[in-house]
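>>> Kindly return the folded structure for what I paste below:
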Amino acid sequence: MYVQHNSLDKNRPHQPDRDLTLFESTTLARQGKPLNILQRQMLKNAWEDQKYEDIAEVIYSSPALKFAESIISAKQGKTLNSLQRDILKGAWEDRKYEDIAEAIHCSEGHIKDVAASLWQQLSEELGERVGKKNFKAVLERRMQNAEDLPPHWREKQKTEPTKQHLDWGDAPDVSTFYGRNQELTTLEQWIVQDRCRLVTLQGMGGIGKTALAAKLAELVQDKFEGLIWRSLHNAPFLEETLPTLLQSLSSEPSDHLPSSCDRRILLLLEWLRASRCLLVLDGAESILQSGERTGCYREGYEGYSQLFLCIGKSNHQSCLLLTTREKPEGLAAEEGETLPVRCLQLKGMQFEAAREILRAKGTFCGTDEEWRALIDYYGGNPLALKIVAAGIQELFDGNLSEFLEYLRQGILVFDELWNLLDQQFNRLPTLEREIMCWLSRNGKPVGIPQLQEKIFLSGSGANLPEALRTLRQRSLIENTSDGFTLQPMVMEYMTKRILAR
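Modelled structure (predicted):
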């Protein structure tokens, strides 16, 4: 007869310990050997009506414990048997030898003998005395600092190739990539040399954040033992994202993971300490609110704040690369030029790289001045330039002069470009929208005092400096020597939007 854990008859009068022992005896007779700690724990928790994910939370092995198993396996030339694993796990959970022996129906003397052999092997390999009391502390310390490993283990790591785990998810193909050499150099310095724990790549839509992140990851992947790329564009809840990260890192099935997000974040940090991994989360603006508070998390997505701050503040050897149109709340306070949390504000492409993007779309006819006028008008935005390039080819046979003439008259509007700017504008708080409308109507650069005077009339000028700062971060306004103004492309969009009201 097959018995499920939720079908055990606990409603009848019983003595819990005796009845549980009956089930253990039945299992013992069936498998012909004593139950190990894992089996006993599962029976006990099933008897208490705990869910499988809660059982897994209790018995899940940390990477440091798996590291200990690998050391002993290498030392003895074979994998650990079930008794050795039970002893290691029992010691990891600070259980007495007596309790371990009782759990697996073995004599305490035999448990101590096998444990003594395990501690001796660990002591010889790690070059320091290891025993039951300090076993956990030693392994966790050694896992956090590779330089703290004994010399022969460091040499072993150098000479033996590390099995690299690459999980590219839906990262884009960047075999064709233009420019961004300075940005790539800066990011590589931060992530590889400076060993930053969290780097934010911020910029307006279409500016090339995703492509730059993918190219960077491709260039530095050999500096990491693991690489995981995940998209946040469809706004997955943290409860969906964490299991995919943990499964990719540990190869454990999802039903073996802790049930709570707090425990899963702590487990993720253990893995980020255990191995050097590059995590890329693309499109973080999707989990942020649009409207009055810039960078505020959407309802139900607040757990991401805990994840980002834990990765940024906690000591580990990995890095999280975050791409976003808006900086998530709480990160700015942790950032600094010499701190392990940093942000790169991504601007438009430089002239030559932008021209290469256009030329990849087809043949164009124009002077250097016309090329520069076109690129400057669209702020060097790669996506905007690709959209416009297709229109120039189809409508003007690649003639830049004819296109620019229509552009000066404000005649041309491309739907894809309009939609791109619509997405950005609709996310803005009321004050930032008001500033952009006023700059559009004015048509010329405006200093802060004049803006302050105009905006104060509406009663919302107190937050003007912060609003200007965030608009600059979004690359929607520019700060010239004469004051603040809109980019030409954004100016055209705002003018048509106001007229369309």
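
>>> Strands of the stretch 151-300 of the chain, start to end?
For the stretch 151-300 of the chain, the strands defined by DSSP state E, counting those that start in this stretch cover 165-167, 198-202, 226-231, 277-282.

>>> Stretch 189-200: end-to-end distance?
14 Å (C-alpha to C-alpha, to the nearest Å).

>>> Would you check that Leu281 makes contact with Pro328?
No. Between Leu281 and Pro328 there is no contact under C-beta atoms under 8 Å: 10.3 Å. All C-beta spots, glycine's among them, are computed from the backbone N, C-alpha and C.

>>> Overlap of the contact sets of these two?
Both Leu281 and Pro328 are in contact with Leu322, where contact means C-beta atoms under 8 Å, 6 or more residues apart in numbering.

>>> returning to what we had before: so which of the strands of the stretch 151-300 of the chain is nearest Leu468?
Among the strands of the stretch 151-300 of the chain, strand 198-202 comes nearest to Leu468, with 16.0 Å by C-beta to C-beta.

>>> What is the burial count for Ile311?
Look at Ile311: counted by other C-beta atoms under 10 Å, it has 22 neighbours.

>>> For it, give me the pLDDT.
What the model reports as pLDDT for Ile311 is 93.

>>> again, but for Glu140
75.

>>> what's the closest non-adjacent residue to it?
Ala64 (5.0 Å; C-beta to C-beta, 6 or more residues apart in numbering).

>>> How many residues are close by that neighbour?
Using other C-beta under 10 Å, Ala64 has 21 other residues around it.

>>> Identify the residues contacting it.
Here Ala64 is in contact with 136, 139-140, 143, 270, 274 (criterion: C-beta under 8 Å, 6+ apart).

>>> go on, Leu139?
Per C-beta under 8 Å, 6+ apart, neighbours of Leu139: 64-65, 67-68.

>>> now with 7 Å?
Contacts for Leu139 (C-beta atoms under 7 Å, 6 or more residues apart in numbering) come out as 64, 67-68.

>>> Now intersect the residues you listed with the helices, please.
64, 67-68 (DSSP state H).

>>> Kindly indicate which of the residues you listed lies nearest Pro236.
Ala64 (28.9 Å).

>>> got the strands of the stretch 151-300 of the chain as TSV, with mean pLDDT and distance to Pro488 columns?
Listed next are those as TSV, based on pLDDT from 0 to 100; distance: least, C-beta to C-beta, whole Å:
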stretch	mean pLDDT	distance to Pro488
strand 165-167	86	41
strand 198-202	95	22
strand 226-231	93	31
strand 277-282	95	29
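
>>> Can you tell me which of the contacts of Leu139 is nearest Glu434?
For the contacts of Leu139, the nearest to Glu434 is Ala64 (54.1 Å; C-beta to C-beta).

>>> Would you state the predicted confidence (pLDDT) at that closest one?
Looking at Ala64, the pLDDT reads 70.

>>> Check Asn11 too.
43.

>>> And Leu38, by the same measure?
42.

>>> Any stretches of the stretch 51-200 of the chain with poor pLDDT?
51-63, 143-163 (pLDDT under 70).

>>> and with 80 instead?
51-67, 69-70, 73-82, 104-106, 139-164 (pLDDT under 80).

>>> all helices for the stretch 301-450 of the chain, in order.
For the stretch 301-450 of the chain, the helices defined by DSSP state H, counting those that start in this stretch occupy 303-313, 351-359, 368-377, 382-396, 400-408, 415-426, 430-442, 448-456.

>>> Name the nearest of the contacts of Leu139 relative to Glu225.
Using C-beta to C-beta, those come closest to Glu225 at Phe67, 13.0 Å.

>>> re earlier: kindly reformat the strands of the stretch 151-300 of the chain as CSV containing distance to Ile87 and mean neighbour count.
Shown next, in CSV, are the strands of the stretch 151-300 of the chain (distance: least, C-beta to C-beta, whole Å; neighbours: other C-beta atoms under 10 Å):
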stretch, distance to Ile87, mean neighbour count
strand 165-167, 29, 15
strand 198-202, 38, 24
strand 226-231, 30, 21
strand 277-282, 30, 23
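
>>> Show me which positions of the top helix by length along the chain end up buried.
Secondary structure of the chain per DSSP H: the longest helix is helix 108-126. Residues of helix 108-126 classed as buried: 111-112, 115, 118-119, 121-122, 125-126 (neighbour count, 16 or more other C-beta atoms under 10 Å).
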